[in-house]
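Colleague: pasting the structure only:
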């Protein structure tokens, strides 16, 4: 997996086609999926000072063979390490209009049946908001991975005896994506892009994503 900063004058083939948009870069074309699957990406929002924000990204299907849609579903946890995070499933997100210029990395494929709209009585899991509708099976599975709570110690949060507080394990959006990928694989919902290749399994792809 690699970030392609300049796609000018590159040759494409049916197996290795590179897509490019001025604000949206991905090495996705080599993993053309059939009509029964959709490619799941991770959007990485670069940051020089802090850890990059990670989101799942499911572009909507298009009739074009040369460029994917810039509009799709964005799934992530939003917040910060001090106050904790909340889960969001955002429809009709246009990645080309985001001035943070995220890079997209394909990590696996999802059956379209798991992305079908839920029935009208579909509800969010306990603790995710009363009346919040579950959109599809993929959304439901993602909700099963709890959004991380605070993982940074606040100022003056030491113990009564003056001992320094224990250092909590850092849990953020990147941590949640990794946990969600593991859960989706265990559920049989997230499939490899390339079969029978140990280096192409979703967990391996996520482990190679940029951290900043």
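Modeller: Sure, I can see it. Not measured: the values here are computed from a predicted model. Numbers count the residues shown, from 1 in each chain.
Colleague: Tell me the confidence at the nearest residue to residue 82 once chain neighbours are set aside?
Modeller: Of all residues not flanking residue 82 in the chain, residue 152 sits nearest, at 4.8 Å (CB to CB, 6 or more residues apart in numbering). C-beta: built from backbone N, CA, C; applies to glycine. Residue 152 carries a pLDDT score of 71 in this model.
Colleague: How about the one 3 residues further on?
Modeller: The pLDDT attached to residue 155 in the predicted structure is 51.
Colleague: for residue 91, same thing?
Modeller: Per the predicted model, pLDDT is 94 at residue 91.
Colleague: can you tell me how far it sits from residue 140?
Modeller: 15 Å (CB to CB, to the nearest Å).
Colleague: Tell me which of these two has more neighbours.
Modeller: residue 140 (19 against 10; other CB atoms under 10 Å).
Colleague: which stretch of helix or strand covers that one?
Modeller: Assigned by DSSP states H and E, residue 140 falls within helix 137-143.
Colleague: Skip ahead from that helix and say which helix or strand is next.
Modeller: On the C-terminal side of helix 137-143, the nearest following helix or strand under DSSP H and E is helix 173-186.
Colleague: list the helices and strands that following helix packs on?
Modeller: In terms of contact count using 3 or more CB pairs under 8 Å, 6 or more residues apart in numbering; DSSP states H and E, helix 173-186 is assigned the packing partners strand 53-59, strand 71-80, strand 103-111, helix 137-143, helix 202-207.
Colleague: Distance to residue 169 for these - can I get that in CSV?
Modeller: CSV is the format used below for the helices and strands packed on helix 173-186 (distance: least, CB to CB, whole Å):
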stretch, distance to residue 169
strand 53-59, 17
strand 71-80, 16
strand 103-111, 23
helix 137-143, 21
helix 202-207, 18
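Colleague: Would you mind saying which of those lies nearest residue 193?
Modeller: With CB to CB as the measure, strand 103-111 is the member of those nearest residue 193 (5.9 Å).
Colleague: Give the buried residues for that closest one.
Modeller: For strand 103-111, the neighbour count (16 or more other CB atoms under 10 Å) marks 103-111 as buried.
Colleague: Ok, stretch 178-197 next?
Modeller: Here stretch 178-197 shows 178, 180-181, 184-185, 189-193 as buried, counting by 16+ other CB under 10 Å.
Colleague: quick check, nearest of the residues you listed to residue 62?
Modeller: Closest to residue 62, out of all of these and judged by CB to CB, is residue 193, at 18.7 Å.
Colleague: isn't that closest one right next to residue 38, touching?
Modeller: No - using CB atoms under 8 Å, residue 193 is not in contact with residue 38; the gap is 11.4 Å.
Colleague: Between the two, which contacts overlap?
Modeller: residue 109 (CB atoms under 8 Å, 6 or more residues apart in numbering).
Colleague: part of a strand, is residue 100?
Modeller: No - Residue 100 is assigned coil when assessed by DSSP: H, G, I helix; E, B strand; the rest coil, not a strand.
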